[in-house]
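> structure for this input, please:
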Amino acid sequence: MPMILCRLDHWLILNNLQDLVTTTDIIPAIKTDHVAISIAFSISEKHIKDPGHWKINCSPLDDGDYIRVVTAKIPIWLIEGQNELTDNRSIWDWTRYNTRAHAIQHSKQKAMERKKKEMNLPKEFPKPKQLFHSNPNANDANAVNSA
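Sure, this is the predicted structure:
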């Protein structure tokens, strides 16, 4: 017969996994003062999230203004990180966070500008089209095609 000691057995899970637990059970174990603990999870498609990796949007890299701004800001973000943080990994995470935040802000701004331009196209397009139909020539045809 095994020696019985006072000890608690625990199974710890993260709070965000708690809703996925379907069953738990304590199962007696043979020749030990411990018990076996079983836990079952139910994971469906709605629970599966994206991998959470940062993926850079490469389109801002074609924008010279964006490149100049980020090139100027990275040293500032590094200095801020070095002043506030102690280890290099945290400084890198801080710099990456700021780069990502700036890229998102830049992309949103460009999307708003593009949407505004698209909204104005119907207002601008009839003018060259009317000019072309009233007096067809190569210059007016180019204006219609570029609108």
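
> domain map for the chain?
With domains defined by automatic domain parsing, the chain comprises 1-49, 59-121.

> of those domains, which stretch is the most buried?
Stretch with highest mean neighbour count among the domains of the chain: domain 59-121 (a mean of 13; mean count of other C-beta atoms under 10 Å). Quick note: C-beta positions are derived from backbone N, CA and C, even for glycine.

> can you check the distance spanned by that one, start to finish?
Start and end residues of domain 59-121 are separated by 23 Å (C-alpha to C-alpha, to the nearest Å).

> and for stretch 14-25?
18 Å.

> before we move on, back to that, worst mean pLDDT among the domains of the chain?
Lowest mean pLDDT within the domains of the chain: domain 1-49, at a mean of 73.

> which strand or helix spans K73?
helix 64-84 (DSSP states H and E).

> let me see the ranges of the helices in this structure.
64-84, 88-124, 126-134, 138-146 (DSSP state H).

> need these in a markdown table with distance to P28, can you?
Formatted as a markdown table, those follow (distance: least, C-beta to C-beta, whole Å):
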| stretch | distance to P28 |
| --- | --- |
| helix 64-84 | 53 |
| helix 88-124 | 45 |
| helix 126-134 | 83 |
| helix 138-146 | 81 |
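
> among those helices, which is nearest K31?
helix 88-124 (45.7 Å; C-beta to C-beta).

> so the closest one versus helix 64-84, what angle?
In terms of direction (axes from the mean of the first three to the mean of the last three C-alpha atoms, to 10 degrees), helix 88-124 departs from helix 64-84 by 150 degrees.

> name the helices or strands packed onto helix 88-124?
helix 64-84 (3 or more C-beta pairs under 8 Å, 6 or more residues apart in numbering; DSSP states H and E).

> now do the helix it packs on: everything it contacts.
P60, L61, S90, I91, W92, W94, T95, N98, T99, H102, A103, H106 (C-beta atoms under 8 Å, 6 or more residues apart in numbering).

> and those as TSV, adding distance to N120?
Listed next are these as TSV, based on distance: C-beta to C-beta, whole Å:
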residue	distance to N120
P60	23
L61	27
S90	45
I91	44
W92	42
W94	39
T95	38
N98	33
T99	32
H102	27
A103	26
H106	21
